[in-house]
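K.L.:
dropping the sequence and predicted coords here.
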Amino acid sequence: MRLVPSGWHAAIGIAWRSGDPAFNAGRIENTTGTTISGTTTGNITGVDPNLGPLKDNGGPTFTHALVAGSPALDKGASFGAITDQRGLPRPFDDPAIPNAAAGGDGADIGAFEVQPAITSVVRITSITKNGNSVTIHGVGVPSAVHKIRATNDLLVPFNVNPIGTPTADANGNFQFTDNTGLTRRFYRAVYP
Ligand SMILES: [Ca+2]
């Protein structure tokens, strides 16, 4: 998307870096006197973006946080990126907000990915090995689906795609068995 402001009407929108994971979508509050060209799929115009002030929200640069009800929430695509500009996980797909229709994966538009509220602590309580299988036992949110993520090297990010999605029982206990038979693997259990 390219903006060409004219006259005294300025476009109010969100800037992002070239290659930003949510680049194929934009928000502009006021398009008066502005020409928008290029890829316009996913653009949202004429609505208040509901942004917080530019400030230190963590990470190397100041960012605008997305306020509750922002039309940018879950309307982008991460294109394989696993962090936002602050280095926090992306995407977080809020189950209560519909994603962008075309290729959306729950990523928020712009530099800032809203993170899930901390509602519960999820713990891996033990790991047991049986032959080439490893079973992860944990405690989290009762009756909820948890995600098990894994990496073979702590110097690289955990795979954004979970290797398992066990559902906890009524007491919050869950388990997942990894049958890949790798000689070394690190695990995380998360909710949601
Ligand atoms: Ca999101």
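P.N.:
Received, thanks.
K.L.:
look up how far the ion lies from residue 57.
P.N.:
Note on residue 57: its distance to the ion, by C-beta to the ion, to the nearest Å, is 15 Å. To be clear about C-beta, it is placed using only N, CA and C from the backbone, and glycine gets the same treatment.
K.L.:
try residue 91
P.N.:
In terms of C-beta to the ion, residue 91 sits 5 Å off from the ion.
K.L.:
contacting residues around that residue?
P.N.:
By C-beta atoms under 8 Å, 6 or more residues apart in numbering, residue 91 lies in contact with 74, 76, 78, 105, 106, 107, 108, 113.
K.L.:
go again with 6 Å.
P.N.:
Taking C-beta atoms under 6 Å, 6 or more residues apart in numbering, we find residue 91 in contact with 78, 105, 106, 107.
K.L.:
give me the element it is part of.
P.N.:
Here residue 91, judged by DSSP states H and E, is contained in no helix and no strand.
K.L.:
for the residue nearest to it when sequence neighbours are not counted, helix, strand, or coil?
P.N.:
Spatial nearest neighbour of residue 91, excluding adjacent residues (C-beta to C-beta, 6 or more residues apart in numbering): residue 107 at 3.7 Å. With DSSP: H, G, I helix; E, B strand; the rest coil as the basis, residue 107 sits in coil.
K.L.:
count of residues packed around residue 107?
P.N.:
Other residues lying near residue 107 total 26 when counted by other C-beta atoms under 10 Å.
K.L.:
can I see the domain layout of the chain?
P.N.:
1-115, 123-190 (automatic domain parsing).
K.L.:
winner for burial among those?
P.N.:
domain 1-115 (a mean of 17; mean count of other C-beta atoms under 10 Å).
K.L.:
what parts of this structure come near the ion?
P.N.:
Applying C-beta under 5 Å from the ion, we find that the chain lies next to the ion at 74, 92, 106, 108.
K.L.:
okay, who's weakest in those by pLDDT?
P.N.:
The lowest pLDDT within the residues of the chain next to the ion belongs to residue 92, with 91.
K.L.:
gap between it and residue 186?
P.N.:
Distance, residue 92 to residue 186, using C-beta to C-beta, to the nearest Å: 21 Å.
K.L.:
rewinding a little: mean pLDDT lowest where, among the domains of the chain?
P.N.:
Among those, domain 1-115 scores lowest, with a mean of 77.
K.L.:
contacting residues for the residue nearest to residue 91?
P.N.:
22, 76, 77, 78, 90, 91.
K.L.:
what's near enough to touch the fifth one?
P.N.:
Contacts of residue 90 were listed using C-beta under 6 Å, 6+ apart, and they are 78, 81, 83, 84, 107, 113.
K.L.:
show me where this protein has its strands.
P.N.:
2-5, 27-28, 34-37, 44-45, 51-55, 63-66, 123-130, 133-139, 147-151, 173-178, 186-190 (DSSP state E).
K.L.:
those strands: which one's closest to residue 166?
P.N.:
Closest approach to residue 166 among the strands of the chain (C-beta to C-beta): strand 173-178, 4.2 Å.
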